[in-house]
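Enquirer: Pasting the sequence and the predicted model now:
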Number of protein chains: 2
Amino acid sequence: MFQNDAFRALDRHECLSLLAKVPVGRVVYTRQALPAVLPINFSLDTDASVLLHTSPDSDLVRAIDGVVVAFEADEFDAASRSGWSVVVTGRATVVTDPVEHERLSDAGPTSWMPLGDAVFVRIESEMLTGRELRGTHGTR
Amino acid sequence: MFQNDAFRALDRHECLSLLAKVPVGRVVYTRQALPAVLPINFSLDTDASVLLHTSPDSDLVRAIDGVVVAFEADEFDAASRSGWSVVVTGRATVVTDPVEHERLSDAGPTSWMPLGDAVFVRIESEMLTGRELRGTHGTR
């Protein structure tokens, strides 16, 4: 698995560069006392926080507003058995400042879904970790 | 985001067919009271449970043995803004039966990492859900 010494830890710059390359990540949170995970479009703000663009009355917003969540993105290649994974962990909060909302409406994440009236959720980048897996041989 | 009415719910057969196509999924669990997520190689057993192949003394095994976790896999295509996601939720347990371990050593998941002495962890398929996102227009 991808957590032993055979991978390389990524530094902050590498983590942010890789996150910037992919359009979809996964929010990891707790819902009704069970672990939950939801793929979602995102973008990175200038302070390295993760921005989500979503419906205001969604289950997700109710579940994560004000709560610490994890946000993960990765890419893996089966042919070379290589890849990377980055995890941002921090508190999620709905953006309520109208000026900030305006700024993000112009520059923030694009959703692949029609959203209508949407809110932005910011996940603070309190912990940022990443790993790279170089190609290696499989084992049984 | 991928949780409103604009996506199609997948049936059980579709979920399992898609899961069988990808070599990497993500285990979603709780570690030190925080949400945690780890990409990992897996395979599907004949009863639709998810099998992980990992080091016996890993943090992951300590964190999830006997605990309900989520396991997620997906594929997304940025060009067409489409994709799918499947989530298995259920209790994870280390396989301790030596006969079962032998069977899985021959037929179970291949790891992309060198593992040495390894254990198998089974995630029961207590809940299985999936969604497909057809290509759509982005919105700001």
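Expert: Right, received. Where do you want to start?
Enquirer: list the contacts for the spatially most central residue of chain A?
Expert: What sits nearest the mean C-alpha location of chain A, by CA atoms, centre = their mean, is residue A:71, with 3.5 Å. Contacts for residue A:71 (CB atoms under 8 Å, 6 or more residues apart in numbering or on different chains) come out as A:25-28, A:42, A:50, A:87-89, A:123. Every C-beta, even on glycine, is put in place using the N, C-alpha and C of the backbone.
Enquirer: between those, which is nearest residue A:129?
Expert: residue A:87 (5.3 Å; CB to CB).
Enquirer: I figured that closest one hits residue B:37, correct?
Expert: Yes: look at residue A:87 against residue B:37 with CB atoms under 8 Å: they come within range, at 6.2 Å.
Enquirer: Find residues that contact each of these two.
Expert: With CB under 8 Å, 6+ apart as the test, residue A:87 and residue B:37 both reach A:70, A:72.
Enquirer: With only the CA atoms kept, save the least confident helix or strand in chain A by mean pLDDT in CSV.
Expert: In chain A, no helix or strand scores lower on mean pLDDT, DSSP states H and E than helix A:98-107, which sits at a mean of 89. Extracted as CSV, the C-alpha positions of helix A:98-107 are listed here (Å, rounded to 0.1, in the frame of the first residue of the first chain):
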residue,chain,number,x,y,z
PRO,A,98,-20.4,39.0,-0.3
VAL,A,99,-17.2,40.7,-1.5
GLU,A,100,-15.3,37.4,-1.2
HIS,A,101,-18.2,35.5,-2.9
GLU,A,102,-18.0,38.0,-5.8
ARG,A,103,-14.3,37.4,-6.1
LEU,A,104,-14.7,33.7,-6.1
SER,A,105,-17.6,33.8,-8.6
ASP,A,106,-15.1,35.3,-11.1
ALA,A,107,-12.0,33.3,-10.2
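Enquirer: hang on, residue A:18 is in a helix, isn't it?
Expert: Yes: with DSSP: H, G, I helix; E, B strand; the rest coil as the criterion, residue A:18 is part of a helix.
Enquirer: Would you check which pair of the contacts of residue A:71 lies furthest apart?
Expert: Maximum distance among the contacts of residue A:71 (CB to CB): 14.4 Å, for A:42 and A:89.
Enquirer: neighbour-wise, which of these two wins?
Expert: Between residue A:42 and residue A:89, counting by other CB atoms under 10 Å in any protein chain shown, residue A:42 is the more crowded of the two (26 against 21).
Enquirer: hmm, who's touching the least confident helix or strand of chain A?
Expert: Residues contacting helix A:98-107 (CB under 8 Å, 6+ apart): A:51, A:53, A:95, A:119-120, B:140.
Enquirer: Flag every buried residue along that helix.
Expert: Using 16 or more other CB atoms under 10 Å in any protein chain shown as the test for burial, helix A:98-107 gives residue A:104.
Enquirer: can you check stretch A:107-127 too?
Expert: Within stretch A:107-127, the residues that count as buried by 16+ other CB under 10 Å are A:108-109, A:111-113, A:115, A:118-125.
Enquirer: Same check on stretch A:13-21?
Expert: Neighbour count says stretch A:13-21 has A:15-16, A:18-19 buried, by 16+ other CB under 10 Å.
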